[in-house]
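Q: sequence and computational prediction follow.
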Amino acid sequence: MILVPIFILLAIIAAKIQKGLFASFLVLVATKSIVDAFWEVKIGPLSILGVQGILISVLYFKVFLNRKSVPKRWLESAKIYVLALSLGLIWALGVKPMATIETVILNINIYLGFILIPIFLKDQKCLKQFLIAIMICGVFPILVSVYQLSTGVVFQERETVGLTRYVGFYHDAFPVRFYGLMTLISILIYQSIFQLKGLFFKMFLLLLAGGALVSIYAVFSKAGVGIIGLWIVLLLLFSKSRIKQSFSILVGVLVIILVFGDAVSTNIEQLFSKEVGYQTGEVRDARYTLAGRGYIWQEYWDFWTLEQSPFFQWLGDGINRPVHNEFLRVLMVNGIIGFLILFVFIIRKIKNIFSIHKNVRVFGMMLLGMYLVDCIGLVPGVYYYYNILVWGIFGTLLMKPQLFIKENKV
């Protein structure tokens with residue numbers, strides 16, 4: 001099985017040689033969910049994901065050289081974000097050299113993420129190909145989720161509040177719900193711009209949207225449920241075509257209810273049982289909520305306030321810890337200064353929302369909203385591909401509004 005990710009990496013290289021950088025990027029996007037399923041595979045000291053990270057830095061270095069074609073303000077945002085993620089890394093070189101070097105490569109890819117998609121998407125044809133590539137990427141985790149639900153087979157034993165999480169071949173629930181959410185937003189953007197030609201393609205998108213929602217539901221992620229709820233509210237309030245956009249998601253929700261029946265409400269109630277219990281007084285300690293993350297945050301907060309030296313409190317010690325909160329992670333890795341820089345970055349992105357054309361502003365809101373929700377219980381700053389898609393699409397919405405003008409009927 002190790003040959004599968006290696007074959008995909010070779011295919012990305014071959015596409016670059018034969019068809020160019022954009023073609024190789026489309027192959028990367030379409031196959032990323034498959035490569036991520038082999039997260040346990042190692043080539044020497046590096047995981048296959050680390051090898052792919054290095055490959056991205058090398059393959060798309062030429063795009064980095066063309067960064068001046070991107071507006072300076074956007075490049076400034078990229079620098080601010082990467083600085084917030086990298087400030088303290090130098091102090092970890094002597095303690096964890098390999099892990100630090102891998103993080104540096106990761107952060108290089110995050111910087112590239114701010115410019116890759118805006119540079120590659122030159123016209124609506126490129127945008128269409130890119131959105132379809134994201135949809136293709138979502139097919140694999142969706143099919144695995146459907147297979148697990150229909151057969152009861154569990155590939156990775158993961159549980160939360162007594163519920164089995166169908167995470168497929170991945171380490172945890174994050175990849176499944178991330179690819180599901182990106183599949184949904186790519187469908188929403190696609191149908192807001194392009195004509196849906198042919199019954200087969202319309203049915204494909206409808207089934208794909210329903211399958212994405214099923215896969216998100218099946219990992220029983222509080223963040224996933226929260227993001228879907230947030231997206232529905234944003235679409236109802238700000239989407240130019242409220243009925244069309246909301247209908248796509250609501251149909252998927254209806255599919256889940258029809259397939260799983262009363263189990264949906266029962267499982268959702270169980271998923272949030274600790275949070276509901278805290279509100280009603282049955283659970284007295286707030287640290288039990290959010291899958292017990294409060295205890296983790298308390299432990300690392302005590303370490304940072306009581307044991308960490310003032311020097312590392314201000315500049316960070318560069319060591320990533322499993323804190324399950326992006327703000328706390330940045331505080332520990334890059335210190336108070338890094339945390340403040342991250343805060344500046346987020347404020348800039350909130351301001352950027354109002355500079356995105358009103359017809360597609362809702363998609364920028366959805367992406368930023370997803371990022372902020374993920375910052376609470378996850379650490380999006382350590383997933384370079386997450387940042388490539390989120391900030392790449394966000395930047396394109398901001399800088400190239402002409403790509404998102406609805407296609408005229410022929």
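A: Looks like it arrived, so ask away.
Q: list the buried residues of the helix or strand containing I6.
A: Element membership for I6 (DSSP states H and E) is helix 3-19. By neighbour count on 16 or more other Cβ atoms under 10 Å, the buried set for helix 3-19 is 5, 8-9, 12, 15-16. All C-beta atoms are positioned from the backbone trio N, CA, C, and that covers glycine.
Q: got it, and stretch 147-157?
A: Under 16+ other Cβ under 10 Å, the buried positions of stretch 147-157 are 148-149.
Q: can you list the weak-confidence ranges in the stretch 301-410 of the chain?
A: Within the stretch 301-410 of the chain, the stretches with pLDDT under 70 are 407-410.
Q: what are the ranges of the helices in it?
A: Using DSSP state H, counting those that start in this stretch, the helices of the stretch 301-410 of the chain run over residues 310-315, 326-353, 361-377, 384-399.
Q: angle of the third one against helix 384-399?
A: It stands for helix 361-377. Inter-element angle recorded for helix 361-377 and helix 384-399: 150 degrees (by axes from the mean of the first three to the mean of the last three Cα atoms, to 10 degrees).
Q: who touches helix 361-377?
A: By Cβ atoms under 8 Å, 6 or more residues apart in numbering, the surrounding residues in contact with helix 361-377 are 181, 185, 188-189, 222-223, 226-227, 230-231, 234-235, 238-240, 245, 290-291, 293, 324-327, 346, 349-350, 352-354, 356, 380, 386, 390, 393-394, 397-398.
Q: returning to what we had before: so what secondary structure elements neighbour the helix holding I6?
A: Applying 3 or more Cβ pairs under 8 Å, 6 or more residues apart in numbering; DSSP states H and E, one finds that helix 3-19 contacts helix 21-36, helix 48-59.
Q: if we can go back for a sec, need the winner for burial among the helices of the stretch 301-410 of the chain.
A: helix 384-399 (a mean of 24; mean count of other Cβ atoms under 10 Å).
Q: just how off-centre is that one within its chain?
A: 10 Å (Cα atoms, centre = their mean, to the nearest Å).
Q: list the contacts for F311?
A: With Cβ under 8 Å, 6+ apart, F311 has no contacts at all.
Q: same thing with M203?
A: M203 neighbours (Cβ under 8 Å, 6+ apart): none.
Q: name the element it belongs to?
A: If you go by DSSP H and E, M203 is part of helix 199-218.
Q: how far does stretch 30-38 sit from its chain's centre?
A: In terms of Cα atoms, centre = their mean, the centre of stretch 30-38 is set 14 Å apart from its chain centre.
Q: show residues contacting that stretch.
A: By Cβ under 8 Å, 6+ apart, stretch 30-38 touches 1-2, 4-5, 8-9, 11-12, 48-49, 52, 133-134, 136-138, 140-141, 168-170, 175, 179, 385.
Q: out of the helices and strands packed on helix 3-19, which comes closest to I90?
A: Judged by Cβ to Cβ, the one of the helices and strands packed on helix 3-19 that comes nearest to I90 is helix 48-59, at 19.0 Å.
Q: pLDDT averaged over stretch 227-247, what's the number?
A: If you average the pLDDT over stretch 227-247, you get 76.
Q: likewise stretch 66-83?
A: The model assigns stretch 66-83 a mean pLDDT of 94.
Q: list the buried residues in that stretch.
A: 67, 70, 74-75, 77-78, 80-83.
Q: and stretch 216-227, by the same measure?
A: 216-227.
Q: distance between the ends of stretch 155-174?
A: Start-to-end span of stretch 155-174 (Cα to Cα, to the nearest Å) is 15 Å.
Q: buried residues in it, which are they?
A: 158, 160, 163, 165-170, 173-174.
Q: adding distance to E307 and pLDDT, write the buried residues of helix 3-19 out as CSV.
A: Converted to CSV, the buried residues of helix 3-19 look like this (distance: Cβ to Cβ, whole Å; pLDDT from 0 to 100):
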residue, distance to E307, pLDDT
P5, 40, 93
I8, 43, 96
L9, 42, 95
I12, 44, 97
A15, 49, 97
K16, 47, 95
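Q: hang on, the earlier thing: pull the CA atoms of the helix holding M203 into PDB?
A: Output in PDB follows, covering the C-alpha atoms of helix 199-218 (Å, rounded to 0.1, in the frame of the first residue of the first chain):
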ATOM      1  CA  LEU A 199     -28.900  15.900 -15.200                       C
ATOM      2  CA  PHE A 200     -26.000  13.600 -14.400                       C
ATOM      3  CA  PHE A 201     -23.800  16.500 -13.200                       C
ATOM      4  CA  LYS A 202     -26.600  18.000 -11.200                       C
ATOM      5  CA  MET A 203     -27.300  14.700  -9.500                       C
ATOM      6  CA  PHE A 204     -23.600  14.200  -8.900                       C
ATOM      7  CA  LEU A 205     -23.300  17.600  -7.000                       C
ATOM      8  CA  LEU A 206     -26.500  16.800  -5.000                       C
ATOM      9  CA  LEU A 207     -25.200  13.400  -3.900                       C
ATOM     10  CA  LEU A 208     -21.800  14.800  -3.200                       C
ATOM     11  CA  ALA A 209     -23.200  17.500  -1.000                       C
ATOM     12  CA  GLY A 210     -25.400  15.000   0.800                       C
ATOM     13  CA  GLY A 211     -22.400  12.600   1.200                       C
ATOM     14  CA  ALA A 212     -20.200  15.400   2.500                       C
ATOM     15  CA  LEU A 213     -22.800  16.200   5.200                       C
ATOM     16  CA  VAL A 214     -23.100  12.500   6.100                       C
ATOM     17  CA  SER A 215     -19.300  12.200   6.500                       C
ATOM     18  CA  ILE A 216     -19.200  15.300   8.700                       C
ATOM     19  CA  TYR A 217     -22.000  14.000  10.800                       C
ATOM     20  CA  ALA A 218     -20.400  10.500  11.100                       C
END
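Q: so which elements touch the helix or strand following that helix?
A: Beyond helix 199-218 in the direction of the C-terminus, DSSP H and E gives the next helix or strand as helix 222-238. Counting contacts by 3+ Cβ pairs under 8 Å, 6+ apart, helix 222-238 is packed against helix 174-193, helix 199-218, helix 242-260, helix 263-271, helix 361-377.
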